[in-house]
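Colleague: This is a predicted model, with the sequence first.
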Amino acid sequence: MALQLAAIVQALGGELHGDGNLLVDGLAPLESAGPSHLSFLSNPRYRAQLEGSQAGVVIVSPAMKEPALARGAAIVADDPYLYFARVTQLWKKAQPRPAGPAVHPSAVVDPEAVVEEGARIGPLCVVERGARIGKDTELKARVFVGENCVLGERCIVQPGAVIGGDGFGFAPLPQGAGWEKIEQLGAVTIGNDVEIGAGTCIDRGALADTVIEDGVKLDNLIQVAHNVRIGRNTAVAACTGIAGSATIGANCMIGGAARIQGHITIADGTFVSTGTFISRSIHKPGMYTGVFPMDDNVSWEKNAAALKQLASLRDRIKALEKKS
């Protein structure tokens, strides 16, 4: 399969420098691209890779136009990474979609479930009673969608995801005799244009629903506990754990292996670094980073309190040093 360079620019815009008749037969990184490949440079730090690349055409920002043209053809775009993302979509659309039934023969779809037009249900999926799968949504292999859960339009759910499993709810019995299960009576409501990675679990709510708003992107192996709410266009990287009833705002970015405590709120537009433990609500947007070693609770609290005073202690020491 190949796309003509002029056709790419006609579909996506950008400023073309080079032969529009060039046929692109693959997309590749700068370091491994060949003369018939398209690549991109989004970070100026990799300029050396650009200059040494054999790519037939490279997508660059206006600031990188001259070094790009010094080596060959280029498409100049304000945001090369975003432009490249759209090229990948164009490329996939140009590939013939494999023929097959909308619902794979091995899938189990309850007669009371609703699968809307254009949706596809992959091998060994289970869609339970009352669930609704929106238009043009695709469930890959072995996806489970629980009773009364709703997925919006144009969602993609990768293999092995579980939507609407029971939330983790148990009441302790007296004198340590065990646990009494709390039936999880809510469901999961997922908006439009959501992507859910492989092995990710989104638990159903205890009473009200767990809610994933429009445009959310969830990576692989994420745990979303019962009654969590994730705001529109937020992205969460792999292995993050979100405890019950946490509310994450819109347009947030959560790094991999982050840990978010239950019953807290994270403001719109917040960035959480990889491995960070969020133990209290964040009301001011910004970038948050940090983790503190485990200890017995009394010692941990004392050390945490002392740690918060380090900056002021440093300033006091500097002031004393100037006086001496």
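Modeller: Sure, I can see it. Numbering: from 1, shown residues only.
Colleague: What are the structural domain limits within the chain?
Modeller: According to automatic domain parsing, the chain comprises the domains 3-94, 108-288.
Colleague: Output those domains in CSV, with distance to residue 311 appended to each entry.
Modeller: (Glycine included, C-beta is placed from N, CA and C.) Shown next, in CSV, are the domains of the chain (distance: least, C-beta to C-beta, whole Å):
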stretch, distance to residue 311
domain 3-94, 31
domain 108-288, 16
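Colleague: What is the three-state secondary structure of residue 9?
Modeller: The three-state label for residue 9, taken from DSSP: H, G, I helix; E, B strand; the rest coil, comes out as helix.
Colleague: And for residue 245, the neighbour number?
Modeller: Residue 245 has 20 neighbouring residues, counting by other C-beta atoms under 10 Å.
Colleague: Single out the most deeply packed of the domains of the chain.
Modeller: Across the domains of the chain, averaging neighbours per residue (mean count of other C-beta atoms under 10 Å) puts domain 108-288 on top, at a mean of 19.
Colleague: can you give me the helices in the stretch 201-324 of the chain?
Modeller: For the stretch 201-324 of the chain, the helices defined by DSSP state H, counting those that start in this stretch cover 297-308, 310-323.
Colleague: Of those helices, which is nearest residue 66?
Modeller: Across those, residue 66 has its closest neighbour in helix 310-323 (44.5 Å, C-beta to C-beta).
Colleague: Stretch 95-115 spans what distance, first to last residue?
Modeller: Taking C-alpha to C-alpha, to the nearest Å, stretch 95-115 runs 25 Å from one end to the other.
Colleague: what residues does that stretch touch?
Modeller: Here stretch 95-115 makes contact (C-beta atoms under 8 Å, 6 or more residues apart in numbering) with 1, 118-133, 145.
Colleague: Can you add mean pLDDT and give the helices of the stretch 201-324 of the chain back as CSV?
Modeller: Shown next, in CSV, are those (pLDDT from 0 to 100):
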stretch, mean pLDDT
helix 297-308, 86
helix 310-323, 89
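Colleague: With mean neighbour count as new columns, can the ones you listed be given to me in TSV?
Modeller: Below are those laid out as TSV (neighbours: other C-beta atoms under 10 Å):
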stretch	mean neighbour count
helix 297-308	10
helix 310-323	9
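Colleague: closest one to residue 22 among those?
Modeller: Nearest of the helices of the stretch 201-324 of the chain to residue 22, taken as C-beta to C-beta: helix 310-323 at 56.7 Å.
Colleague: In terms of secondary structure, what does that closest one contact?
Modeller: Here helix 310-323 touches no other helix or strand, going by 3 or more C-beta pairs under 8 Å, 6 or more residues apart in numbering; DSSP states H and E.
Colleague: returning to that earlier point: closest to residue 321 out of the domains of the chain?
Modeller: domain 108-288 (31.7 Å).
Colleague: circling back: from the contacts of stretch 95-115, which ones fall inside strands?
Modeller: 120-121, 126-127, 132-133, 145 (DSSP state E).
Colleague: coming back round to it: so which of the helices of the stretch 201-324 of the chain comes closest to residue 279?
Modeller: Comparing the helices of the stretch 201-324 of the chain under C-beta to C-beta, the one sitting nearest is helix 297-308, at 9.7 Å.
Colleague: from the ones in strands among the contacts of stretch 95-115, which is closest to residue 178?
Modeller: Comparing the ones in strands among the contacts of stretch 95-115 against residue 178 with C-beta to C-beta places residue 126 closest, at 29.8 Å.
Colleague: where exactly do the helices run in the stretch 1-150 of the chain?
Modeller: Taking DSSP H, counting those that start in this stretch, the helices of the stretch 1-150 of the chain run over residues 5-12, 47-52, 65-71, 80-94.
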